[in-house]
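Colleague: whatever this is, show me its structure:
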Amino acid sequence: MTHELQNYIDGRWTPATGPAGDPVMNPATGDTVATLDYSTADDVDEAVTAGQAAFEEWANTPVETRIQPMFELKNLLEAHQDELAESLVREHGKTFDEAKGELRRGIENVEVACGIPSMMQAGHLPNAAPEIDETAVRKPLGVFAAITPFNFPGMIPLWFLPYAVATGNAFILKPSEMTPVTAQRIVELVDEAGFPDGIVQLVNGDADAVDALIEHPRVEGISFVGSTPVARHVYESAATHGKRVQAQGGAKNHIVVAESADLDFAVEQTLGSAFANTGQRCLANPVAVVDEGIYEEFAERLVHEAADMNVADGLSDDVDMGPLISGQHREAVLDYIETGI
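Modeller: Predicted structure coming up:
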């Protein structure tokens, strides 16, 4: 079934007013999973305005009251974890077990945010200097936004949403236009959990929506996860507009295999790092640095084990790795291989 995705603004699902976006495709089958329109600057402004209005009361709500819907959200996410994981596989391609693990890590962030009453406590230092006492106060600031990537559409929004909201801020999520279905379902559960209208909102879109959030004068801060070039743009632009900003770009790791290594373990860990999440994550290692004395044996084992991996639909039985997110990404990987050769 194809979903027609909408924005969630001020407690209501409403169509975006911009151009039609590319359909969301199941990378394993080529079927259309969802369609969506992109948001304009006017859509973003509507969400920010609603968030600012809701923030005024939410910030003055006792923290113990603010976290009550967070407990309910945790329960709802756990109750719907399998459903969410299946949806995530269909739009991303990773395996069902990987999708469940991703959601589990997201739920853990909701659990931690339930402890905000303790974490928000600041401190008082009497006699910090002669006749001077110092008191630190932690206060919510307003509307915050997160721009999240395609590779972890369930976990990464939950890195930010619970903490922003539990601390008394309003929050706007702009998910990747490649994998927006899981984000919409999470926000549906947010709505069911009972957060006030305008406190959690969702706007779909592309770079225009991103720039509108960055440039909006009522957005206090931006959180971004994605590629390094875009992270650099977000950081520079958001800082120029006076925003608090965290921009997490791409990264890769090297694995070092010493001559004394347990080769079975080393091969297993190398494969797991390289191919989990179909290799589309910053923890995926592109390089194994191997001691010369064991290089031939390690390489032979690695190639043998990789050849035996079952690459299939992430919802299939006994699947080791799902497809890449798109044909464009596949061509990029093939180009990397040719470059390496």
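Colleague: low-confidence ranges in the stretch 1-150 of the chain?
Modeller: By pLDDT under 70, the low-scoring segments of the stretch 1-150 of the chain are 1.
Colleague: try it again at 90.
Modeller: 1-3, 121-123, 137 (pLDDT under 90).
Colleague: helices or strands up against the helix or strand encompassing residue 303?
Modeller: Per DSSP states H and E, residue 303 falls inside helix 295-307. The helices and strands touching helix 295-307, judged by 3 or more Cβ pairs under 8 Å, 6 or more residues apart in numbering; DSSP states H and E, are helix 263-275, strand 287-290. C-betas here are computed from N, CA, C, even on glycine.
Colleague: any chance of TSV for those, columns mean pLDDT and mean neighbour count?
Modeller: TSV is the format used below for the helices and strands packed on helix 295-307 (pLDDT from 0 to 100; neighbours: other Cβ atoms under 10 Å):
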stretch	mean pLDDT	mean neighbour count
helix 263-275	94	17
strand 287-290	93	16
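Colleague: who wins for proximity to residue 322 among those?
Modeller: Judged by Cβ to Cβ, the one of the helices and strands packed on helix 295-307 that comes nearest to residue 322 is helix 263-275, at 10.0 Å.
Colleague: contacts for that closest one, please.
Modeller: Here helix 263-275 makes contact (Cβ atoms under 8 Å, 6 or more residues apart in numbering) with 253, 255, 257, 283-286, 288, 294, 297-298, 301-302, 305-306, 309, 320-321.
Colleague: what about 6 Å?
Modeller: Residues from elsewhere that reach helix 263-275, judged by Cβ atoms under 6 Å, 6 or more residues apart in numbering: 255, 257, 284-285, 288, 298, 301-302, 305, 321.
Colleague: now stretch 226-236
Modeller: 149, 224, 245, 247, 249-250.
Colleague: give me the buried subset of those residues.
Modeller: Among these, those buried by neighbour count (16 or more other Cβ atoms under 10 Å) are 149, 224, 245, 247, 249.
Colleague: and these, which of them are in strands?
Modeller: Counting by DSSP state E, the part of the buried ones among the contacts of stretch 226-236 found in strands is 224, 245, 247.
Colleague: relative to residue 52, which of the residues you listed is nearest.
Modeller: Nearest to residue 52 among those: residue 245, at 18.8 Å, using Cβ to Cβ.
Colleague: so what's the closest one bridging to?
Modeller: Residues in a beta bridge with residue 245, per DSSP bridges, are residue 222.
Colleague: distance of it from residue 299?
Modeller: 43 Å (Cβ to Cβ, to the nearest Å).
Colleague: farthest pair within the contacts of helix 263-275?
Modeller: Using Cβ to Cβ, those reach their maximum pairwise distance at 257 and 321, which is 21.4 Å.
Colleague: how far does the helix holding residue 303 sit from its chain's centre?
Modeller: Taking the mean of its C-alpha atoms, helix 295-307 sits 33 Å from the chain's own mean (Cα atoms, centre = their mean, to the nearest Å).
Colleague: buried stuff in it?
Modeller: For helix 295-307, burial by neighbour count (16+ other Cβ under 10 Å) applies to 298, 301-302.
Colleague: again with stretch 224-240
Modeller: Neighbour-count burial for stretch 224-240 flags 224-226, 230-231, 233-235, 237-238 (criterion: 16+ other Cβ under 10 Å).
Colleague: related to what we said a few turns ago, mind putting the buried ones among the contacts of stretch 226-236 in a markdown table, distance to residue 35 included?
Modeller: Converted to a markdown table, those look like this (distance: Cβ to Cβ, whole Å):
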| residue | distance to residue 35 |
| --- | --- |
| 149 | 21 |
| 224 | 25 |
| 245 | 31 |
| 247 | 29 |
| 249 | 30 |
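Colleague: just flag the most distant two among these.
Modeller: Greatest spatial distance among those (Cβ to Cβ): 149 and 245, at 16.0 Å.
Colleague: now stretch 102-119 - C-alpha only, CSV.
Modeller: Once non-C-alpha atoms are left out, stretch 102-119 reads as follows in CSV (Å, rounded to 0.1, in the frame of the first residue of the first chain):
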residue,chain,number,x,y,z
GLU,A,102,18.1,0.6,15.4
LEU,A,103,14.7,1.2,17.0
ARG,A,104,15.8,-0.3,20.3
ARG,A,105,18.6,2.2,20.4
GLY,A,106,16.1,5.0,19.7
ILE,A,107,13.8,3.8,22.4
GLU,A,108,16.7,3.9,24.8
ASN,A,109,17.0,7.6,24.2
VAL,A,110,13.3,8.1,25.1
GLU,A,111,14.0,6.1,28.3
VAL,A,112,16.9,8.4,29.2
ALA,A,113,14.9,11.5,28.5
CYS,A,114,12.3,10.3,31.1
GLY,A,115,15.1,11.1,33.6
ILE,A,116,15.3,14.8,32.6
PRO,A,117,14.1,16.0,36.1
SER,A,118,17.5,14.8,37.5
MET,A,119,19.6,15.8,34.4
